[in-house]
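Participant: Need a 3D model of the sequence below.
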Amino acid sequence: MQLSTYRQKGKASIALLTVGVLISAVASIAGASVASAAAKKVTITFWTSYSASESPTLEKTIIPAFEKANPNIIVKHVAFSHDDLYQKLLTGVLSKTLPDVVRSDVAWVPTFAQGNIFANLDGKGGMSDFAKLSKAVYPGPLSTNYYGGHYYGLPLDTNTRVMFANMDAFAKAGITTPPKTWADMLAAAPLLKAQGIQLYADGGTGGWNVLPWIWSAGGAITNATNTTSKGYINGSKTVAAVQFLTDLYNAGAINDGMLGASGGISGFDGVPKGNYAMTLDGPWMNPIWGSVYPAFKPTQALVPAGAAGSISVVGGEDINVIASSKNKAAAQQFMRYMLSKEAQLALLQAGQLTVLQSLQSEVTAIHPYYATFLQQLSNAKARTPVPNYPKIDQIIGTQVALAMQGKESAQQAMDEAAAQIEPLLK
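Facilitator: Okay, the predicted model is just below:
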């Protein structure tokens, strides 16, 4: 079973390829009039994908506290599975049965921002205190709400990938500390191989998997305005990152599962068993491995630094107000509370990593291993915020795999990626 089978919360699992056309056809609903929340008692609907273990915290702790502080607002929570929530949003656009507030996957925001289905929060009619709220959260998670010059939400919970190292495996090769740099990885690989251990395991070659390496090399998928990929995904720094992974794979230091090969030992089992010395993954792996492999005590460390440092990828969920909501002021008030210290700490206890920078000490007091994730979040980046990102992600995965398999050179593979991605940015 691959690591990616468990939880890549920042990664949407349904292609969003035709959504732009769908949303554009009905975008006029976003101009609906907004009723004042203060005039009378109102009910707002909050759609989420909280799990069965997370929803009770929202329904029994957070919502009652909010309603007590805001007696004129009632919150109705409706939970769906991750994929069902996305489908409900799509059908809700057509049937005009959208909620007032939604907890969305970070990868969905450009799609619904494009058609003005999610409300613009920093422009006319937005939140008067948006600047203050945005400064309180980590920049990487905040950036997942940015599209076309405006912000269409705020981060609600977050995650990123860091190194999980099996130090017993490293010790067999005489290595006492996790690799801090790419040079350290290259030096460790043959020492581990001599002990029958592969250096690194992962579950794919899409953006979630390879962007930490590309960014740490100083590479990029597009320019800063996301209008071109030429010279970026096929630039020398991105190509260097792909070549780095290719060299490690050719040296037998990366598992075949990263290229989708079936059989063999998965990263999920292979890292705690010592077949692989390290992987990159999110904070959910600690309790998952703790229940399946209780004797395994992984060491967390930052993504090994390349030429541009140690940079990882942002995952998680955002909170967004629906532009057509008739209770927009009440919805914004609820959004503010969801970003309060009280609500964020309650969600943290339920397993959701907070987006508030001011809560670092509280976070590490609950789970000390969160310290590495918080440090990594300080400069983690969001995946390319464009409606066609899922198709771009597929292209990245295919082209990086071709290079690693030796079917194309790293430069050729990335040149082809640039040619395929370019029209998707228009």
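Participant: And what about the residue nearest the centre of the chain, helix, strand or coil?
Facilitator: Here the mean C-alpha position of the chain is nearest to the C-alpha of residue 315 (Cα atoms, centre = their mean), at a distance of 1.3 Å. Secondary structure for residue 315, judged by DSSP: H, G, I helix; E, B strand; the rest coil, is strand.
Participant: I'd guessed it sits against residue 155; true?
Facilitator: No. With contact defined as Cβ atoms under 8 Å, residue 315 does not count as touching residue 155 (10.7 Å). Yep, even glycine has a C-beta here, placed from its N, CA and C like the rest.
Participant: which other helices and strands contact the helix or strand harbouring residue 111?
Facilitator: Of the helices and strands defined by DSSP states H and E, residue 111 is found in helix 109-114. Using 3 or more Cβ pairs under 8 Å, 6 or more residues apart in numbering; DSSP states H and E as the contact test, the elements touching helix 109-114 are helix 19-26, strand 146-147, strand 314-321.
Participant: again, 7 Å this time
Facilitator: Other helices and strands packing on helix 109-114, by 3 or more Cβ pairs under 7 Å, 6 or more residues apart in numbering; DSSP states H and E, are helix 19-26, strand 146-147.
Participant: can you give me the mean pLDDT across it?
Facilitator: The pLDDT scores in helix 109-114 average 92.
Participant: buried sites along stretch 52-61?
Facilitator: If you call a residue buried by 16 or more other Cβ atoms under 10 Å, then stretch 52-61 has these buried ones: 54, 57-58, 61.
Participant: ok, the residues you listed vs residue 42, which is closest?
Facilitator: residue 58 (19.0 Å; Cβ to Cβ).
Participant: Helix, strand or coil: sort out the closest one for me.
Facilitator: helix.
Participant: got it, and the one 4 residues further on?
Facilitator: The assignment at residue 62 comes out as helix when based on three-state DSSP.
Participant: give the contact list for it.
Facilitator: Residues in contact with residue 62, defined by Cβ atoms under 7 Å, 6 or more residues apart in numbering, are 343, 346.
Participant: Output the below-cut-off pLDDT ranges for this protein.
Facilitator: Per-residue confidence for the chain (pLDDT under 70) gives these ranges: 1-39.
Participant: Do you have the strands of it handy? List them.
Facilitator: Counting by DSSP state E, the chain has these strands, from start to end: 42-48, 73-79, 101-105, 146-147, 150-151, 154-160, 162-165, 198-201, 276-281, 299-301, 314-321.
Participant: Can you list the neighbours in contact with the fourth one?
Facilitator: Residues lying outside strand 146-147 but in contact with it, judged by Cβ under 7 Å, 6+ apart, are 109-110, 113-114, 385.
Participant: And those, which two are furthest apart?
Facilitator: Between all members of the contacts of strand 146-147, the farthest pair (by Cβ to Cβ) comes out as 114 and 385, at 10.4 Å.
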